[in-house]
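> Provided below are the primary sequence and the corresponding predicted coordinates.
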Amino acid sequence: MAASAEEYAAFEERVRRTVYMDNLSPQVTENVLKAALDQFVNAINVQFIPNYINPQSLPRAALVEMETLKQASAIIAEMADSPFMVLGMPRPVRARAAEVEMFDSRPKKPGRKITYKWLDPEDPDFEVARKIKVLTRKHASETEFLLNQHQLKEEENLANQQLENLKAHYKKYELIDGVLSDNTAKKLADRYRIPLSDA
């Protein structure tokens, strides 16, 4: 049954306040995501989107409804400018405006009429439909492969950055430890008459 114009307008308003987020850790719950977003916005509803094609595929995605349209726009802009990590996922969470088609519970648009029929194998359109179906599956597989390759590259770059930071911090630690262990720090303190803390 089609929704009334007022009901559909309210649904569209909800869509505008909602943000689509992916790259979420499978350990992220509604409470965890709300708590992480509380520093920026007031998230009033979280709906995780199941992956029907590949249930084991990681990470997961969610539709997050904000209190206002302004908050939805603000969090999208914030995530575009700064990495937003939740529960240590090795890649930042991504965000973009939600779309009507993302909602399983979307009402039927007033005035919209959808017609459908089963095609007979002898119908000239049957072969066209079959080719479109095969092509759609092929494109979906290629897209998933390319996305996985891109995500793996992002994870590799992030891991390399973290390794370089770790090496730099360790070199600083070694330098400080060496200065303290060979009494260089004490000699310099005595030379310039600077009190040296035992701590």
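Everything's here; your move. Numbering: from 1, shown residues only.

> What pLDDT is listed against residue 10?
pLDDT for residue 10: 91.

> Residue 53 now?
Value for residue 53, per-residue pLDDT: 55.

> starting at the chain centroid, how far to the lengthiest helix in the chain?
In the chain, with assignment by DSSP state H, the single longest helix is helix 124-181. Averaged C-alpha coordinates place helix 124-181 at 13 Å from its chain's average position (C-alpha atoms, centre = their mean, to the nearest Å).

> Give me the average confidence score over the helix or strand following it.
Once the chain leaves helix 124-181, the next helix or strand it forms, by DSSP states H and E, is helix 184-191. Averaging pLDDT along helix 184-191 yields 79.

> Domain-wise, how is this protein divided?
5-97, 126-184 (the TED database).

> Of those domains, flag the one that's most buried.
Mean neighbours per residue, mean count of other C-beta atoms under 10 Å, is largest over the domains of the chain for domain 5-97, with a mean of 15. Where you see a C-beta, it was placed from the backbone N, CA and C, and this is true even at glycine.

> least trustworthy helix or strand in the protein by mean pLDDT?
The helix or strand with the lowest mean pLDDT-type score in the chain, counting by mean pLDDT, DSSP states H and E, is helix 184-191 (a mean of 79).

> can you list contacts of it?
178, 179, 194, 195, 196 (C-beta atoms under 8 Å, 6 or more residues apart in numbering).

> Against residue 168, how distant is the first one?
So the one you mean is residue 178. Relative to residue 168, residue 178 is positioned 16 Å away (criterion: C-beta to C-beta, to the nearest Å).

> Then the second one?
Distance of residue 179 to residue 168, given as C-beta to C-beta: 17 Å.
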